[in-house]
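# Sequence plus the predicted model coming up.
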Amino acid sequence: MKLSLYPYQLQFKFPFRIAHGVRTHTDVVYLKLEHQGYTGWGEATLPPYLPETQTSVIEFLTEFSKDVLFNSIDDWFGELQPVNTNLSAKAALDMALWSLKSQIENKTIGELLGIEKKEFPIGTYTIGVSSLDEMETKIDEANKAEFNIFKIKLNGENDEEVVRHFRSLSDKPFAVDVNQGWNDWEEARNKIQWLNEEKCLLVEQPLPKKNNKEMSLVKRDCPLPIYADESCQRISDIEHLRDSFDGINIKLMKCGGITEAHQMILEARKWDMKVLIGCMSESSVGCTAAAQLTPLADYADLDGPYLISNDPFSGMKIQEGRVVLNPLVQVGKV
């Protein structure tokens with residue numbers, strides 16, 4: 001098993017603003033695994049609010065590869081799964097291992113996981129906190145890319161104005177993602193009641209993750225489905241969220257890869273919770289890996305490749321609003 005690592009920087013087409021701040025790029029580390037004549041790729045995406053860096057990812061994966069005692073894919077999986085740190089790095093290696101396994105066994109990752117459902121969900125296109133002119137440009141891009149649902153980022157400032165402007169530009173369905181940007185359950189209740197009148201589909205992470213008790217009041221009083229993002233990182237979080245949220249946003253970078261993400265979906269369904277498969281502004285490598293799980297999800301927020309200008313890979317796409325799996329192909333240097 002040969003492991004190679006490539007630091008890279010993804011550039012956004014537009015500055016990406018959420019309640020936490022603004023950025024123009026995202027650092028990543030690409031991972032290439034070569035085994036028995038096959039190649040598997042992985043991606044560790046590193047937005048600045050996560051604790052990992054390119055240096056920490058490279059150091060972790062370099063040391064990990066030295067410590068694996070055997071050289072089969074199952075040996076690598078066995079060593080990797082107990083790891084509870086460096087989750088973006090873990091996700092990169094996990095998705096590369098699944099890619100290799102699927103090629104060697106001549107099955108899709110979905111088939112290896114026993115995913116029988118073939119229908120893929122609707123994908124959402126994210127509009128970060130934007131000027132009004134910028135929003136119009138983003139909507140045009142999304143329409144050309146065949147997205148049929150938007151996710152609008154709100155930050156607690158001029159939220160109604162933002163939604164009204166969106167409505168003046170598009171009659172397509174929309175969700176909102178607050179990224180913990182509202183202050184308390186009363187603000188959340190009032191805004192969600194208004195959003196319901198505007199035909200919003202769902203609200204993601206309205207309050208800070210420490211406010212779980214207040215979130216239960218929001219869920220009780222509000223007519224829209226409420227999804228956890230920052231509140232839900234790993235499978236161990238899910239049971240504690242069932243009284244506060246209707247659904248969860250699962251991201252490979254948060255949970256450590258395809259293996260745990262699949263387990264999280266099964267756990268969420270056990271508690272009758274909805275599932276959204278999301279991404280951390282990833283390129284086609286991370287989004288194509290996550291797309292393998294989307295037949296089990298209600299929504300997919302895998303628009304990362306559409307938001308960046310220098311994706312060195314091509315893979316999953318959105319066609320007529322839905323996720324479509326395509327083979328991952330390298331199209332540029334990393």
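Happy to help now that I have it. Residues are numbered from 1 along each chain as shown.

# From now on I want contacts and neighbour counts done on CA atoms only, so please keep to that.
Fine.

# Can you show me the strands along the stretch 201-334 of the chain?
Shown for the stretch 201-334 of the chain, the strands assigned by DSSP state E, counting those that start in this stretch span residues 203-204, 226-228, 247-251, 274-278, 299-300, 313-314, 317-319, 322-324, 329-330.

# what does the longest helix along the chain contact?
In the chain, taking DSSP state H as the definition, the longest helix is helix 87-105. Helix 87-105 is contacted by residues 30-33, 35, 38-46, 52, 57, 60-61, 73, 76-77, 80, 83, 108-109, 112, 252-259, 286, 289 when judged by C-alpha atoms under 8 Å, 6 or more residues apart in numbering.

# Also stretch 159-172?
By C-alpha under 8 Å, 6+ apart, stretch 159-172 touches Leu132, Met135, Glu136, Ile139, Asn148, Ile149, Phe150, Ile152, Leu154.

# Would you reformat these as TSV and include neighbour count and distance to Lys90?
Output for the contacts of stretch 159-172, formatted as TSV (neighbours: other C-alpha atoms under 10 Å; distance: C-alpha to C-alpha, whole Å):
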residue	neighbour count	distance to Lys90
Leu132	13	39
Met135	19	35
Glu136	18	38
Ile139	19	34
Asn148	20	33
Ile149	23	31
Phe150	23	30
Ile152	24	30
Leu154	27	31
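
# Please narrow those to those residing in strands.
Using DSSP state E, the subset of the contacts of stretch 159-172 located in strands is Ile149, Phe150, Ile152.

# returning to what we had before: looking at the contacts of stretch 159-172, which is nearest Gly304?
Set against Gly304, the nearest of the contacts of stretch 159-172 by C-alpha to C-alpha is Phe150 (13.4 Å).

# Tell me if I'm right that that closest one and Ile122 touch.
No - counting by C-alpha atoms under 8 Å, Phe150 does not reach Ile122; the two are 10.5 Å apart.

# Give me the average confidence score over the longest strand along the chain.
Assignment by DSSP E gives strand 2-18 as the longest strand of the chain. If you average the pLDDT over strand 2-18, you get 90.

# in the stretch 201-334 of the chain, what spans have low per-residue confidence?
Across the stretch 201-334 of the chain, nothing is flagged by pLDDT under 70.

# what does the stretch 51-200 of the chain give?
For the stretch 51-200 of the chain, the stretches flagged by pLDDT under 70 are 69-70.

# Which parts of it are strands?
Using DSSP E, counting those that start in this stretch, strands in the stretch 51-200 of the chain cover 122-127, 149-153, 174-177.

# could you redo these as TSV and give each row distance to Ile235?
Shown next, in TSV, are these (distance: least, C-alpha to C-alpha, whole Å):
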stretch	distance to Ile235
strand 122-127	23
strand 149-153	24
strand 174-177	21
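
# got the buried residues for stretch 172-185?
Neighbour-count burial for stretch 172-185 flags Phe174, Ala175, Val176, Asp177, Val178, Asn179, Gln180, Gly181, Trp182, Asp184, Trp185 (criterion: 16 or more other C-alpha atoms under 10 Å).

# Tell me the gap between that stretch and the middle of its chain.
Computed by C-alpha atoms, centre = their mean, to the nearest Å, the chain-centroid distance of stretch 172-185 equals 16 Å.

# Endpoints of it, how far apart?
28 Å (C-alpha to C-alpha, to the nearest Å).

# swap in stretch 119-134?
First residue to last in stretch 119-134 (C-alpha to C-alpha) measures 33 Å.
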